[in-house]
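>>> please work out how this folds:
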Amino acid sequence: MSQGRAQFHEQYLLDAQARAAKLFARKSELQGAWLNWVAGQLYELKPAEFASMVRRELQRLTNPP
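Below is the predicted model:
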């Protein structure tokens, strides 16, 4: 991991976790429509690196160890 990427990750990790938690919180409300809705929300996030971080955090929330 390059220093720039590591710094980006460190700087935006809390934001990515918070965004993922907000998206995940809508799952019970949207039920079956949630997957398509959340995919659209992730698509709109910029930059792509931040969207990837949010996606990874969502995976952690939906598939806890």
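>>> I'd like to know which elements the longest helix along the chain is packed against.
Using DSSP state H, we find that the single longest helix of the chain is helix 3-25. Judged by 3 or more Cβ pairs under 8 Å, 6 or more residues apart in numbering; DSSP states H and E, helix 3-25 is in contact with helix 34-44, helix 48-62. The C-beta positions use only the backbone N, C-alpha and C, and glycine is treated the same way.
>>> quick one: stretch 19-33 to chain centroid distance?
11 Å (Cα atoms, centre = their mean, to the nearest Å).
>>> who touches it?
Stretch 19-33 is contacted from outside by 34, 37, 38, 41, 42, 45, 54, 57, 58, 60, 61, 62, using Cβ atoms under 8 Å, 6 or more residues apart in numbering.
>>> hmm, try it at 7 Å
34, 37, 38, 41, 54, 57, 58, 61 (Cβ atoms under 7 Å, 6 or more residues apart in numbering).
>>> got it, and stretch 35-53?
By Cβ under 7 Å, 6+ apart, stretch 35-53 touches 8, 9, 12, 13, 16, 23, 30, 54, 55, 58.
>>> first vs last residue of it, how far apart are they?
Counting by Cα to Cα, to the nearest Å, you get 17 Å between the two ends of stretch 35-53.
>>> where are the low-confidence patches of this protein?
Residues of the chain meeting the criterion pLDDT under 70: 1-3.
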